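> Quick check, what structure comes out for this input:
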Amino acid sequence: MGLQLTRGGEYGLRAMVYLARVPEGEVASLREIGREQEIPESFLAKILQTLVHAGLASSQRGARGGFSLARPADTISVREVIEAIDGPIALNGCVLWPEECDRSERCALHDVWVEAQGEMMRVLDGAYLSALEHEHVR
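Numbers count the residues shown, from 1 in each chain. Modelled structure (predicted):
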């Protein structure tokens, strides 16, 4: 297996895109999100708790409780969601922590990793939930 988004990251993105479709002032229940996005409720509950803690989602308790976005969809990037769940994104550890790699300064690949990392972050930073809410996400 190569570089790949974790299942938690994927589910978190799917849940957040779903929440971007929820009309302002309304909430979506855990059961509704799980059913529509085919995410096990127990796993989804943990993911949403993490997203609430990160300030990306809001939760409302009670009989009519559920989840909504904590901020407008046009201010939440794909990168923010992934990093809230999985932590920093890196093609290689030397990109995030070059001081921990003995080879960073003389490695022929280091500059390639840095450039590729920059491009990936540019794409993920520029992809907002508002642009994805009308797409079919499954």
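
> residues in contact with the residue lying closest to residue 41 once chain neighbours are set aside?
If you skip the residues right next to it in sequence, residue 41 has residue 34 as its closest partner in space, 4.4 Å away by Cβ to Cβ, 6 or more residues apart in numbering. Where C-beta positions appear, they are placed from N, C-alpha and C, glycine not excepted. By Cβ atoms under 8 Å, 6 or more residues apart in numbering, the contact list for residue 34 reads 40, 41, 44.

> Mark which of these are buried, thanks.
Buried subset of those (neighbour count, 16 or more other Cβ atoms under 10 Å): residue 44.

> just the strands in this protein please.
In the chain, strands defined by DSSP state E lie at 57-60, 66-69, listed in chain order.

> Which other helices and strands does the last one contact?
Read that as strand 66-69. In this structure, strand 66-69 makes packing contacts with helix 7-20, helix 30-37, strand 57-60, judged by 3 or more Cβ pairs under 8 Å, 6 or more residues apart in numbering; DSSP states H and E.
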